[in-house]
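with the input below, show me the fold.
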Amino acid sequence: MSVTIPGLAHRGYPKRYSENTIASFRAALALSFRHLELDVHLTKDGVPVVIHDPTVNRTTNGTGFVKDYTLAELRKLDAGHGETIPTLEEVLLLAKDRAQVDIELKQSGNLYAGLEEKVLETVRACGMSDQVFVTSFDHYSIVRMRELSEELELGLVLYGATPSVFPLARELRARYISVKYIYLTDHFVRTCEEHGIQLIAWTVDDEADMRKLRSQYPQVWVCTNELERWKRCVEETGSHRSEVSL
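The predicted structure is shown next:
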């Protein structure tokens, strides 16, 4: 069995490839990452697309809000090195039977009416319901997703670690909690374990921080931009901890 890296490839491999592009995700898979993290917005014509920011300004040669572009218009933009902004469907089909995908909904209030429905529709159409989990900083969006689907795995993204998240996680049957890594505590990690929740630490790129987390909390998944650095850390600290591919 081949070693699977116990962590998430943050937007693919953005240190080497344009973030949230097919090339970036393909590179992560080639490095044996079996968990991909991506961000989803909705186009003007209701298509879930994979991009982090609400605007195209930073990551493409265009300007303006994603929601003001149709998919056809977005396709004309360069997302770096000739890459285009992919649809959620395209990334899911790339990852199908190869990786689990953390779909982060970039919802804010009701910025994207119907985002949750469209994402769920896409996941089901790709036959990926058992290979994804859906997360968001907007916990109302995750509540909405649970209302739409009883079977989909869900997660809550937090900036800091707080005990107030656990009643909501229990109500939603959320199996994942993502927290900014500097706020992890022994108590929070232990409570996640007691609740059967997979804890994810984001975003860890410094080698010293990686080694500290790997040593102190080996059960925590690391979300990182530095894929090769994290892979090396895992291999050097022992890859025998039942971290094998499916």
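
which ones are touching the residue most central in space within the chain?
Nearest to the geometric centre of the chain sits residue 37, at 2.5 Å (CA atoms, centre = their mean). When contacts are counted by CB atoms under 8 Å, 6 or more residues apart in numbering, residue 37 touches 8-11, 101-102, 104, 223. C-beta coordinates here come from the backbone N, C-alpha and C atoms, glycine included.

make CSV from those residues and add neighbour count, secondary structure and pLDDT to it.
Listed next are those as CSV, based on neighbours: other CB atoms under 10 Å; DSSP: H, G, I helix; E, B strand; the rest coil; pLDDT from 0 to 100:
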residue, neighbour count, secondary structure, pLDDT
8, 28, strand, 97
9, 27, strand, 98
10, 30, strand, 98
11, 27, coil, 98
101, 24, strand, 98
102, 25, strand, 98
104, 22, strand, 98
223, 22, strand, 98
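
state the number of residues packed around residue 153.
Neighbour count of residue 153, defined by other CB atoms under 10 Å: 19.

ok, what's across the strand from the nearest residue to it once chain neighbours are set aside?
Once flanking residues are discounted, residue 153 sits nearest to residue 133: 3.9 Å by CB to CB, 6 or more residues apart in numbering. When assigned by DSSP bridges, residue 133 has beta-bridge partners residue 102, residue 153.

ok, now how distant is the nearest residue to residue 143 once chain neighbours are set aside from residue 189?
Of all residues not flanking residue 143 in the chain, residue 172 sits nearest, at 6.7 Å (CB to CB, 6+ apart). For residue 172, the distance to residue 189 equals 20 Å [CB to CB, to the nearest Å].

low-scoring stretches of the chain, by residue?
For the chain, the stretches flagged by pLDDT under 70 are 1-3, 239-246.

for the closest residue to residue 175 other than its chain neighbours, what are its contacts?
Spatial nearest neighbour of residue 175, excluding adjacent residues (CB to CB, 6+ apart): residue 153 at 5.2 Å. Counting by CB under 8 Å, 6+ apart, residue 153 makes contact with 132-134, 175-176.

mark which of these are buried, thanks.
When the contacts of residue 153 are checked for burial by 16 or more other CB atoms under 10 Å, the buried set is 132-134, 176.

select, from those, the two members most distant in space.
132 and 176 (11.0 Å; CB to CB).

so what sits against both of these two?
102, 153.

how much space separates residue 102 from residue 68?
Taken as CB to CB, the span from residue 102 to residue 68 is 27 Å.

same thing with residue 38?
Taking CB to CB as the measure, residue 38 falls 21 Å from residue 68.

quick one, which of those two is more surrounded?
residue 38 (26 against 11).

count of neighbours near the closest residue to the more buried one other than its chain neighbours?
In this structure, residue 38 finds its nearest non-sequential neighbour in residue 50, 5.0 Å apart by CB to CB, 6+ apart. The number of residues packed near residue 50 is 27, by other CB under 10 Å.
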